[in-house]
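**Q** Need coordinates for the below:
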Amino acid sequence: MKANFKETKTVFNGKEIVVPRGSMITGRFALSLETGITPGTVYDKLRLLQNVRFLNIKSNNRFSVITLLKYEVFQSVKTKRTATPTTSQQPANNQPTTSQHILSKVSKESKVKKERVFSPPSLKDIEEYIKEKNYNIDAERFYDFFTVANWVDSKGHKVKNWKQKLITWSSYNNEDQSTNKKGEKWEL
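**A** Reported below is the predicted structural model:
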């Protein structure tokens, strides 16, 4: 954890905030990005640590100040430390802790997922998928629409899964307007 080693003052939204020694300003989304753990899991783990009195959390709708409750005990200058580790200490001190190992593994997995890049389909790919799923869609119209938009949807988000967009497209842009979404003919 990145706790302050001395009291600091910072300005947030025009207000000065004092962050005491052994504390840090963060949020579950920032911790999620740093660790590769989902924000919900980060929230649950922080609450667990708060319940067992390892830390205290003061939150508002913008950020949280997390304070390690026994920071002074573990960071005290009065604590005697040996200059060189004993032979029995050496192997254990060089081993990563279980939590460090798990966090590094999760972090590596999340980096692999982030590296996956969207590759736009060809018109032929779209036509084959439409035929396979038996959709009544003009493949060229779908392809042109997203190609012109540089594969960005109507909400401004980059397309990640063109097949999902095709399903949505089929429900809203059905060329045969005489049928409903289930393909049933309208009674006239």
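**Q** mind giving me the domain split of this protein?
**A** Residue ranges for the domains of the chain, per automatic domain parsing: 1-75, 123-172.
**Q** Show me the strands in the protein, by range?
**A** Assignment of strands within the chain using DSSP state E yields the ranges 8-12, 15-19, 23-26, 55-59, 64-68.
**Q** Which one, of the ones you listed, ends up nearest to residue 146?
**A** strand 23-26 (38.1 Å; Cβ to Cβ). (Glycine included, C-beta is placed from N, CA and C.)
**Q** wait, what's in contact with residue 65?
**A** Neighbouring residues of residue 65 by Cβ atoms under 8 Å, 6 or more residues apart in numbering: 17, 19, 23, 24, 25, 57, 58, 59.
**Q** Of those, just the buried ones, ChimeraX syntax please.
**A** Only the buried members of the contacts of residue 65 enter the following ChimeraX selection, criterion being 16 or more other Cβ atoms under 10 Å:
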select :19,23,24,25
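**Q** Redo the strands of the chain as CSV? Include mean pLDDT and distance to residue 148.
**A** CSV is the format used below for the strands of the chain (pLDDT from 0 to 100; distance: least, Cβ to Cβ, whole Å):
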stretch, mean pLDDT, distance to residue 148
strand 8-12, 78, 42
strand 15-19, 82, 46
strand 23-26, 81, 42
strand 55-59, 84, 45
strand 64-68, 82, 44
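**Q** Same list (the ones you listed) but as JSON lines, adding distance to residue 156.
**A** Listed next are the strands of the chain as JSON lines, based on distance: least, Cβ to Cβ, whole Å:
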{"stretch": "strand 8-12", "distance to residue 156": "29"}
{"stretch": "strand 15-19", "distance to residue 156": "32"}
{"stretch": "strand 23-26", "distance to residue 156": "28"}
{"stretch": "strand 55-59", "distance to residue 156": "30"}
{"stretch": "strand 64-68", "distance to residue 156": "30"}
